[in-house]
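**Student:** Please work out how this folds:
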Amino acid sequence: MTIGAATSFTLLGQNLLLIPQKAIYWVEQKMLIIADVHFGKVGHFRKAGIAVPRDMEQSDLATLSDLIHEYHPQKLLFLGDLFHSDMNNDWDWFILWRSQFPALQIILIKGNHDIIADSHYQNLNIELHDQLLAAPFLMLHHPLADEDLQKAGGYVLCGHIHPGVNLSGKARQNITLPCFAFGSKQAILPSFGKFTGRVAIRSQQTDKIFAVLKDKVIAIA
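**Tutor:** Here you go, the predicted model:
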């Protein structure tokens, strides 16, 4: 797979690369940051009798591997909802994938879907946190309300919402694209997993919005 062109964005003196595969590479920390992968969602739906292509999970893992080979991060940080629900056969694929990168430090900020026992992650040498301060950023899963942002110990990077931005064309056509949404005190990352939806979010005048296209990320506000 060819990795598309990343867009450079400087925030609080830190250099961030916004990648079309819906990830951020934090240059100074050599950290790859990803939100809402939802591994296991395909298996969860298939188990319920809903027809979903079986290879979709392997596609997300392959994309993640390509990003690691491209950027050579020392740390991989998941902003919650790494695995969609309880244990299923897709976990075996994840174990195999983890074995290919034994030296990579992996950190999971636990999200509302991360209900698998901590011991399963710990057996794969994955660190677990409810939140993590990596100055100047505070890593969370859920976005904070405005009143809580005033008390946060750092600029928040989070996920959970699966943000999208709605674009309209001259012929009244509409499309909602995944996006990176940067506010004055908080940024919400797009969902990494291909088998996830997106919700159009309202942006304020002070927000910086980057829409994700197939092979590039573009600033639209």
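
**Student:** Just to check, residue 209 is in contact with residue 182?
**Tutor:** Yes - with contact defined as C-beta atoms under 8 Å, residue 209 and residue 182 form a contacting pair (7.5 Å). (Each C-beta comes from the backbone N, C-alpha and C, glycine too.)

**Student:** Show me which of the two is the more surrounded one.
**Tutor:** For the pair residue 209 and residue 182, the greater number of neighbours falls to residue 182 (24 against 18), based on other C-beta atoms under 10 Å.

**Student:** For the more buried one, list each beta-bridge partner.
**Tutor:** residue 187, residue 208 (DSSP bridges).

**Student:** Let me see the contact set for it.
**Tutor:** Residue 182 sits next to 9, 11, 207-210 when contact means C-beta atoms under 8 Å, 6 or more residues apart in numbering.

**Student:** Quickly name whichever of these is closest to residue 105.
**Tutor:** Comparing the contacts of residue 182 against residue 105 with C-beta to C-beta places residue 11 closest, at 22.3 Å.

**Student:** what residue ranges in the protein score low on pLDDT?
**Tutor:** Along the chain, segments meeting pLDDT under 70 span 1-2, 41-57, 84-87, 169-173, 195-206, 221.

**Student:** so where do the helices sit in it?
**Tutor:** Using DSSP state H, the helices of the chain run over 41-47, 56-71, 90-99, 118-122, 146-149.

**Student:** and among those, the most buried is which?
**Tutor:** helix 41-47 (a mean of 20; mean count of other C-beta atoms under 10 Å).

**Student:** okay, stretch 145-160 in CSV with CA atoms only?
**Tutor:** Presented in CSV, the C-alpha positions along stretch 145-160 are these (Å, rounded to 0.1, in the frame of the first residue of the first chain):
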residue,chain,number,x,y,z
ALA,A,145,-16.8,19.5,27.9
ASP,A,146,-15.8,23.2,27.8
GLU,A,147,-15.9,23.6,31.5
ASP,A,148,-13.7,20.6,32.1
LEU,A,149,-11.2,21.8,29.4
GLN,A,150,-10.5,24.8,31.5
LYS,A,151,-9.1,22.5,34.2
ALA,A,152,-7.4,20.0,32.0
GLY,A,153,-3.6,19.5,32.6
GLY,A,154,-2.8,19.8,28.9
TYR,A,155,-4.1,20.2,25.4
VAL,A,156,-6.4,17.3,24.8
LEU,A,157,-6.0,14.7,22.0
CYS,A,158,-9.0,12.4,21.9
GLY,A,159,-11.3,10.3,19.7
HIS,A,160,-14.7,8.6,20.4
